[in-house]
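Participant: Turn this into a structure:
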Amino acid sequence: MNPTPRPVGLEDLLGETEADGSVTPPSLRKRGKSLSPVVLRADECFPRHYVAVPPAGAVLGAPNTSGIVRSPQNRRSETALPRPGSAGTAGKAALTALVASRSVPALAITPRSQEKDPRPNILSSASSPGKEEVRDVIVVENEMFGFGDPTSSSSATTSTTASSATAAAAAEIPLTPSMRALSLLVQPSSSQQNLPCTQEPPIHAHETNQGNSPDCSTCSIRAAHHVAKDTTDSPHSSASKDAVPTYLRMATIDQWFQGFTDQQRNDTLRLLLRHCGPEQDHLLSLLLAGRGMHATCEAHCRDPLLQLPTDLALRVLSFLDPVSLARMALVCRAWRALCFEPSLWRRHALAAAIRLSPASEEQQLQQHVLASGGPDWRAIAVERMRVHRNWLRGRCTIRTFRGHEQGVLCVQLDSNRIASGSSDATIKVWNTRTNASWSVLTLRGHLGPVRCLHMRGPLLVSGSSDHTIRVWELIDGPGWRCGSCRLTITGHDDAVRCLQSDGKSIVSGSYDSTLRVWDQATGVCRHVLRGHDGPVLSVYFEGDVLVSGGMDTQIKVWSIAQGACSATLSGHRGGVTCVQADVASGRILSGAIDGDVRFWNLATNECVETLDWIRSEGHTGVIRQLQADQWRVVTASDDKTVKVWDLRTRTRLATLRCHTDGVTCVHFTDWALVSGSFDESVKLLDFSAC
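Facilitator: The predicted structure is shown next:
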């Protein structure tokens with residue numbers, strides 16, 4: 001059994017070595033004692049006093065700045081150890097004599113000032129001929145004595161002064177298992193380089209009876225694995241925690257990592273990354289930036305998308321939705337180039353759900369053009385999807401135009417103008433690009449409230465309670481605007497309540513219960529259509545088909561060419577205030593005083609759907625205006641709201657509240673919506689600005 005270890009202090013360096021190998025500490029105040037080699041366990045050292053056995057041919061660095069070695073028991077006591085770096089030739093000779101008197105391996109003395117690195121190069125893992133590596137260190141009062149690297153200027157004496165006697169003396173130094181473990185931690189033998197740290201060495205027979213054998217290399221490895229346990233069991237564990245300096249631990253990790261397999265290295269890195277913080281992540285990003293991490297990877301590790309031909313890669317990407325394409329474009333530049341291919345976005349831009357009117361599409365194609373001259377389909381698709389999403393969510397910017405002195409009864413909107421008619425018998429034309437006062441054009445000529453408007457290009461057609469229809473021409477110049485009445489049409493016997501123009505013909509409905517078809521160029525009446533039993537409140541025509549709604553709660557379908565009614569639709573419980581037809585799909589939409597919106601089948605003349613306030617969260621007041629396109633329906637009501645509906649599912653998408661009184665009229669384009677109200681204001685809701 002090994003003797004019970006005891007703490008070894010600095011006084012043991014100057015003690016006597018007995019025959020049994022133990023050390024008898026003498027008084028530190030007695031002079032004349034020479035330096036004696038002492039075996040020091042890694043877990044048996046005092047704080048800040050670490051001693052290890054130097055191998056033959058090592059280099060001894062400089063001691064502390066004072067040149068005096070102090071013990072922890074009596075820091076005032078001094079041992080006359082000459083300082084090699086400051087005592088000059090005499091000091092070197094004295095220390096050499098002390099070493100020779102005890103037959104200790106001769107040490108080449110090298111002052112720290114002559115070394116390139118103030119710390120021993122313990123991180124080196126491979127030895128080269130003629131160059132020894134650092135194996136052990138001595139630290140006294142936080143100053144380090146390094147052994148090794150005899151290739152320095154003064155280390156050449158190591159090979160000449162080392163003799164067989166000194167080697168024999170070093171071999172007689174007893175090594176405890178912990179010391180062997182410390183030696184292995186610093187520089188494992190070649191046979192142990194590839195031993196993974198996760199493998200436990202086998203248990204030998206001598207361990208069960210007598211403990212670890214000091215001559216068994218496997219037991220030394222086991223000691224290396226259980227340094228922490230040995231340290232905990234030591235009576236001086238608090239001091240032993242610092243027995244292995246940080247750089248020695250780093251050297252141990254470096255030595256172990258070199259012996260790991262690829263899988264073990266991967267597992268170790270994963271474990272270490274769990275403890276990394278922002279500073280370590282930043283350092284890793286800098287270190288790995290220029291290493292070409294996938295340069296030596298297998299073929300299956302490379303980007304599969306870039307391994308495909310371009311046509312095939314685009315075919316794969318064509319199955320992705322726009323959001324996925326946009327996210328893929330953020331991965332890398334190569335994917336960005338593929339995801340920005342115009343052919344991919346052209347399909348999304350032409351999707352039926354987000355298609356625009358022909359006029360809006362033509363305008364958009366002119367605005368978004370690539371440097372090559374072709375359309376920028378990605379920008380077009382993104383803009384269309386953004387506007388469509390804003391319509392669905394009711395997101396818009398609201399601008400208010402004020403100037404009328406009474407309630408607004410009708411509005412019209414085009415790309416950059418708003419025309420509004422009011423009960424004050426005036427028509428105002430607003431510039432949507434500015435709110436400047438000079439941009440407001442006021443048209444006067446009617447003698448009564450302006451009940452209806454229709455704007456098409458530079459021409460504006462208006463109907464009034466004074467029984468007349470007027471055709472206005474609007475002219476815009478740089479910094480100025482003007483409008484003039486080109487034609488006045490008379491013929492109705494009562495107020496003109498509704499009208500529509502296609503540029504060649506004008507169809508009007510009046511309180512005199514008749515509909516009239518006019519030549520827009522000459523003002524000549526072509527047809528007079530009679531059939532309603534009350535005032536005609538709404539009219540819509542497309543080609544030869546004309547649809548009208550009257551106070552008699554009926555909807556009539558007319559043939560303009562024949563001048564006769566072809567069908568009558570009944571179902572509303574009040575006057576039909578607004579109608580619109582889609583002849584291609586055979587659908588008619590209508591709104592009435594009863595607050596319902598109805599969908600009619602033009603082929604069967606039957607109502608197929610009703611949107612009311614009870615079942616569909618509809619309007620609670622009179623529906624004043626209605627307009628629809630290929631996917632949405634917009635309605636305005638006296639309940640102060642504007643509602644947006646999905647034409648296919650008949651569900652409400654959004655409710656817009658921006659007026660303080662009943663909304664009398666509404667008109668929208670693909671980008672914006674304009675409404676008028678009894679509160680004398682005109683509101684512009686822009687869905688493209690969000």
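Participant: from here on, contacts and neighbour counts on C-alpha atoms
Facilitator: Fine.
Participant: distance of the residue lying closest to Thr641 once chain neighbours are set aside from Ala592?
Facilitator: If the residues on either side of it in the chain are set aside, Thr641 comes closest to Arg657, at 5.0 Å by CA to CA, 6 or more residues apart in numbering. Here the criterion is CA to CA, to the nearest Å. By it, Arg657 lies 20 Å from Ala592.
Participant: now Thr514
Facilitator: Between Thr514 and Ala592 the distance is 19 Å, computed by CA to CA.
Participant: Just the element for Thr400, please.
Facilitator: In this structure, Thr400 sits in strand 397-402 according to DSSP states H and E.
Participant: hmm, who's touching the next helix-or-strand element following that strand?
Facilitator: The element immediately downstream of strand 397-402 (helix or strand, assigned by DSSP H and E) is strand 408-413. Contacting residues not belonging to strand 408-413 are listed as 418-423, 450-455, 664-669, 673-682 [CA atoms under 8 Å, 6 or more residues apart in numbering].
Participant: who's more crowded, Thr514 and Ala592?
Facilitator: When neighbours are counted by other CA atoms under 10 Å, Ala592 comes out ahead of the other of Thr514 and Ala592, with 28 against 22.
Participant: Show me the helices in the stretch 301-450 of the chain, by range?
Facilitator: Read by DSSP state H, counting those that start in this stretch, the stretch 301-450 of the chain holds these helices, from start to end of the chain: 304-307, 310-317, 322-328, 333-339, 342-349, 358-367, 377-393.
Participant: Buried residues, the third one. List them.
Facilitator: If I follow you right, that is helix 322-328. For helix 322-328, the buried set under the neighbour-count rule, 16 or more other CA atoms under 10 Å, comprises 322, 325-326, 328.
Participant: Pairing partners for the strand holding Thr400, with directions?
Facilitator: Here strand 397-402 has these sheet partners by DSSP bridges: strand 681-686 (antiparallel).
Participant: For stretch 332-339, list the C-alpha coordinates in PDB.
Facilitator: As requested, the backbone C-alpha atoms of stretch 332-339 are provided in PDB (Å, rounded to 0.1, in the frame of the first residue of the first chain):
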ATOM      1  CA  CYS A 332     -28.500  32.700 -50.600                       C
ATOM      2  CA  ARG A 333     -27.600  34.600 -53.800                       C
ATOM      3  CA  ALA A 334     -27.900  31.600 -56.000                       C
ATOM      4  CA  TRP A 335     -31.400  30.800 -54.800                       C
ATOM      5  CA  ARG A 336     -32.300  34.500 -55.000                       C
ATOM      6  CA  ALA A 337     -31.400  34.500 -58.700                       C
ATOM      7  CA  LEU A 338     -33.600  31.500 -59.300                       C
ATOM      8  CA  CYS A 339     -36.500  32.800 -57.200                       C
END
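Participant: Residues contacting that stretch, please?
Facilitator: By CA under 8 Å, 6+ apart, the surrounding residues in contact with stretch 332-339 are 306, 313-314, 317, 325-326, 328-330.
Participant: what does stretch 461-479 give?
Facilitator: Applying CA under 8 Å, 6+ apart, the contact partners of stretch 461-479 are 425, 446-455, 458-460, 481-499, 501.
Participant: still on that earlier bit, from the contacts of strand 408-413, which ones fall inside strands?
Facilitator: 418-422, 450-455, 664-668, 673-677, 681-682 (DSSP state E).
Participant: contacting residues for the closest residue to Arg444 other than its chain neighbours?
Facilitator: In space, not counting the residues next to it along the chain, Arg444 is nearest to Thr426; the distance is 5.3 Å by CA to CA, 6+ apart. Thr426 is in contact with 404, 442-446, 449-450, counting by CA under 8 Å, 6+ apart.
Participant: For PyMOL, what selects the buried ones among the residues you listed?
Facilitator: In PyMOL, a selection of the buried entries from those looks like this (16+ other CA under 10 Å):
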select buried, resi 404+442+443+446+449+450
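Participant: tell me which residues of the strand holding Thr400 are tucked away?
Facilitator: Of the residues in strand 397-402, those scored as buried under the neighbour-count criterion (16+ other CA under 10 Å) are Phe401.
Participant: now that strand against strand 417-422, angle please.
Facilitator: Interaxial angle of strand 397-402 relative to strand 417-422 (axes from the mean of the first three to the mean of the last three CA atoms, to 10 degrees): 50 degrees.
Participant: Show me what Ser681 is bridged to.
Facilitator: When bridges are assigned using DSSP bridges, the partners listed for Ser681 are Arg402.
Participant: where does it land on pLDDT?
Facilitator: Per-residue pLDDT puts Ser681 at 95.
Participant: was I right about it contacting Ser420?
Facilitator: No - the pair Ser681 and Ser420 fails to qualify as a contact (CA atoms under 8 Å) at a distance of 9.7 Å.
Participant: When those two are compared, which one has more neighbours?
Facilitator: Neighbour count, other CA under 10 Å: between Ser681 and Ser420, Ser420 has more, with 30 against 24.
Participant: you'd agree the more buried one is up against Asn431?
Facilitator: No - taking contacts as CA under 8 Å, Ser420 lies outside contact range of Asn431: 11.7 Å.
Participant: about what we covered before: so the residue nearest to Arg444 versus His527, what's the distance?
Facilitator: Summarising the geometry, the distance separating Thr426 from His527, computed by CA to CA, is 29 Å.
Participant: ok, now Leu569?
Facilitator: Relative to His527, Leu569 is positioned 22 Å away (criterion: CA to CA).
Participant: for Trp631, same thing?
Facilitator: 33 Å.
Participant: Could you check which of those two has the larger neighbour count?
Facilitator: In this comparison of Trp631 against His527, neighbours counted by other CA under 10 Å, the higher total goes to His527 at 17 against 14.
Participant: Can you tell me the element the more buried one falls in?
Facilitator: When the helices and strands are read off by DSSP H and E, the one containing His527 is strand 525-530.
Participant: Give me the mean pLDDT for that strand.
Facilitator: Mean pLDDT, strand 525-530: 95.
Participant: Equivalent analysis for stretch 307-325, please.
Facilitator: Mean pLDDT, taken over the full extent of stretch 307-325, equals 92.
Participant: distance between the ends of it?
Facilitator: Stretch 307-325 has an end-to-end distance of 19 Å (CA to CA).
Participant: Just the residues contacting it, thanks.
Facilitator: 305-306, 338-339, 344-345, 348.
Participant: Out of those residues, which one has the lowest pLDDT?
Facilitator: Checked by pLDDT, these have Leu306 as the lowest-scoring entry (83).
Participant: What's the local residue count around that residue?
Facilitator: By the measure other CA under 10 Å, the count of residues near Leu306 is 12.
Participant: Ok, Thr649 next?
Facilitator: Other residues near Thr649 come to 9 when the count uses other CA under 10 Å.
Participant: cool, the one 5 residues further on as well?
Facilitator: By the criterion of other CA under 10 Å, Ala654 has 18 neighbours.
Participant: For the strand or helix carrying it, buried residues please.
Facilitator: Applying DSSP H and E as the criterion places Ala654 in strand 652-656. Neighbour-count burial for strand 652-656 flags 652-655 (criterion: 16+ other CA under 10 Å).
Participant: which one of the contacts of stretch 307-325 has the most neighbours?
Facilitator: In the contacts of stretch 307-325, the most neighbours by other CA under 10 Å go to Cys339, 26 neighbours.
Participant: roughly how far apart are that residue and Leu330?
Facilitator: Here the criterion is CA to CA. By it, Cys339 lies 10 Å from Leu330.
Participant: same deal with Thr468?
Facilitator: With CA to CA as the criterion, Thr468 and Leu330 are 61 Å apart.
Participant: same question for the strand holding Thr400, mean pLDDT?
Facilitator: Across strand 397-402, pLDDT averages out at 94.
Participant: tilt between it and strand 672-677?
Facilitator: With the same axes, to 10 degrees applied, the angle from strand 397-402 to strand 672-677 works out at 40 degrees.
Participant: contacts for strand 397-402?
Facilitator: By CA under 8 Å, 6+ apart, the list of residues contacting strand 397-402 from outside reads 430, 435, 680-687, 689-690.
Participant: can you do 7 Å?
Facilitator: Around strand 397-402, the neighbours that count as contacts under CA atoms under 7 Å, 6 or more residues apart in numbering are 680-687, 689.
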